[in-house]
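Visitor: pasted the sequence and its predicted model underneath.
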Amino acid sequence: MTLAAPRPTAIAVATATPAAHAARGGRRGLFAGVAAGVVVLSAVSLFVGVSELTPAHLVRALAAAATGTGDAETQRSAMLLLVSRVPRTVAVLLAGAGMAVAGMLMQVLVRNRFVEPSTAGTVESAVLGILVVTIVAPGVPLMGKMAVAAVFALAGTALFLRILRAVPLRSVLVVPLIGLMLGGVISAATTFVAYRTDLLQSLGSWTTGDFSGVLRGRYELLWLTLALTVVAYVAADRFTVAGMGRDVATTLGLSYRAVMNLGLVIVSLVSAVVVVTVGMVPFLGLVVPNVVSRLLGDDVRRTAPWVALLGAGLVLVCDLVGRVVRYPYEIPVGVVVGVVGSVLFLHLLLRRDARVA
């Protein structure tokens, strides 16, 4: 990647401008179409579940909520909608968007397309932090657990980066393999401690992404991921420059270390919030940014909205599949996303152009 391209001539600019405008307009139309699809799926999500809720119930429930009246069935529908279905749908969208953007940031900062929080030991470190705080101070509120998990996630990510600096990287595939091995070691240690403290069942709930327990009052922490996503978008140009390497960033007057620290804090906080609230959602931050980068390039400001939207949409689709494939039982969304993501991950690893050194 070069610092600057030769300045085009006036004829070239005049020739390229209509095509550029057409391409930009096509991308905006496609983005609007995908956003509309996510909105439609979000509406469908409100009516999928064991307890029956139809559009007619929804209209009566909204009217009852506005006026404070209604029969017992209408009040039940209103409670089901506001306490369970809406919070679950919002949680799915926030978690999907946040984890996808976190994966994109990690790929840009590490400069490797096969890295994301679940392949770099970040998520496993967050789970270890939750286990430690549960053992040491079980009465700590959810915000405290999130803070401890974020510190552990940041430490795990820093350890991953230190290992990368010490190991000669002869292939781009070495980086995710190191992350997977580090995550495996941390996960093994976490499992051992959980076994000795009789917390294996709790550990299972933390390591499997599941939105079935999301209710009003138990998901609001996920709004922090939206704030962090906005911060990432505001600093998008800095992340793009930092992704070119330390030398290029320093030459352009950018504080490389400060940008790296900001990105790692965002990744660690998002991972901790999602793990504390709904559990692990693997491979999401790997697949979505790779798909978007192949279509739109590596400009973080351009790709961030796409990554957030497609991440939210993918988790929403997987959540709906998990809710209907064995209805009335439910498959955790972490399992569905893991199956889809692992297949796509293997496809990315086995691509011919992924074998370059």
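Guide: Right, received. Where do you want to start?
Visitor: ok, and the closest non-adjacent residue to A147?
Guide: A272 (7.8 Å; CB to CB, 6 or more residues apart in numbering). All C-beta spots, glycine's among them, are computed from the backbone N, C-alpha and C.
Visitor: burial of that neighbour, as a residue count?
Guide: Per other CB atoms under 10 Å, the neighbour tally for A272 reads 30.
Visitor: what does V291 give?
Guide: 16.
Visitor: okay but it is in contact with G311, surely?
Guide: No: if you go by CB atoms under 8 Å, V291 and G311 don't touch, sitting 10.2 Å apart.
Visitor: can you pull the contacts of P117?
Guide: M99, A102, G103, M106, V123, A153, T157, V267, V270, S271, G285 (CB atoms under 8 Å, 6 or more residues apart in numbering).
Visitor: which two in the residues you listed are spaced the farthest apart?
Guide: Pairwise distances across these (CB to CB) peak at 14.3 Å, for the pair M99 and T157.
Visitor: neighbour count winner among those two?
Guide: Comparing M99 with T157 by other CB under 10 Å, the one with more neighbours is M99, at 37 against 28.
Visitor: give me every residue that touches that one.
Guide: P117, T225, V270, S271, V274, V281, L284, G285, G311, V315.
Visitor: ok, 10 Å please
Guide: Neighbour list for M99: 116-118, 123, 209, 225, 267, 270-271, 273-275, 280-286, 288, 307-308, 311-312, 314-315, 337 [criterion: CB atoms under 10 Å, 6 or more residues apart in numbering].
Visitor: how about G183?
Guide: 117-125, 127, 156, 160, 282.
Visitor: confidence score at it?
Guide: pLDDT for G183: 87.
Visitor: can you list the weak-confidence ranges in the chain?
Guide: Filtered on pLDDT under 70, the chain yields the residue ranges 1-26, 53-54, 57-58, 61-74, 169-172, 349, 351-357.
Visitor: okay, and which of the contacts of P117 map to helices?
Guide: Residues from the contacts of P117 lying in helices, with DSSP state H as the criterion: M99, A102, G103, M106, V123, A153, T157, V267, V270, S271, G285.
Visitor: could these go into TSV alongside distance to P55?
Guide: Converted to TSV, the ones in helices among the contacts of P117 look like this (distance: CB to CB, whole Å):
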residue	distance to P55
M99	31
A102	35
G103	36
M106	41
V123	38
A153	41
T157	45
V267	40
V270	34
S271	37
G285	35
